[in-house]
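S.K.: let's see this in three dimensions:
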Amino acid sequence: QVQLVESGGGLVQPGGSLRLSCAASGFSLEGYAIAWFRQAPGKEREGVSCISSHDGSTYSADSVKGRFTISRDSAKNTAYLQMNSLKPEDTAVYYCAAERLALSCRYYKHYEYGIWGQGTQVTVSS
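M.R.: Residues are numbered from 1 along each chain as shown. Model (predicted):
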């Protein structure tokens, strides 16, 4: 069974940090681009960060640039999203997704990813 499972979400104070994990099972992440998306109540799903498969290049949205870092560990078949200096506006459900992409992941929207996790809640509040 092909699936992605996110973990690591929770409640954190503004300025704090969290590390989200995205563990793949039933398939290898090798050759797949991996992306993190988030969706806040009443808002559209937005791309946060992604990492391409062919050259390992990463891309982050302007809203998280310099604060969030995406990475992958092939040996563990897992991807991560390190989130630092968290703000209340980062509150959302965070999803990881994987897909075989021909170009850099920065050019693809959420509907172009075929494998999704169930999501993990991140709440930034004092």
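S.K.: which residues touch the residue sitting nearest the centre point of the chain?
M.R.: Closest to where the C-alpha atoms of the chain average out (C-alpha atoms, centre = their mean) is W36, at 2.1 Å. Under the criterion of C-beta atoms under 8 Å, 6 or more residues apart in numbering, the contact partners of W36 comprise 20, 22, 47-50, 68, 70, 79, 81, 94-97. Using the backbone N, CA and C atoms, a C-beta is placed for each residue, glycine as well.
S.K.: in a helix, that's where it is, yeah?
M.R.: No: if the criterion is DSSP: H, G, I helix; E, B strand; the rest coil, then W36 is strand and not within a helix.
S.K.: show me the strands in this protein, by range?
M.R.: Listed in chain order, the strands found in the chain under DSSP state E are 3-7, 10-12, 18-25, 33-39, 46-51, 58-60, 68-73, 78-83, 92-99, 115-116, 120-124.
S.K.: a markdown table please, covering these and showing distance to C105.
M.R.: A markdown table is the format used below for these (distance: least, C-beta to C-beta, whole Å):
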| stretch | distance to C105 |
| --- | --- |
| strand 3-7 | 15 |
| strand 10-12 | 26 |
| strand 18-25 | 14 |
| strand 33-39 | 4 |
| strand 46-51 | 4 |
| strand 58-60 | 6 |
| strand 68-73 | 10 |
| strand 78-83 | 12 |
| strand 92-99 | 8 |
| strand 115-116 | 14 |
| strand 120-124 | 20 |
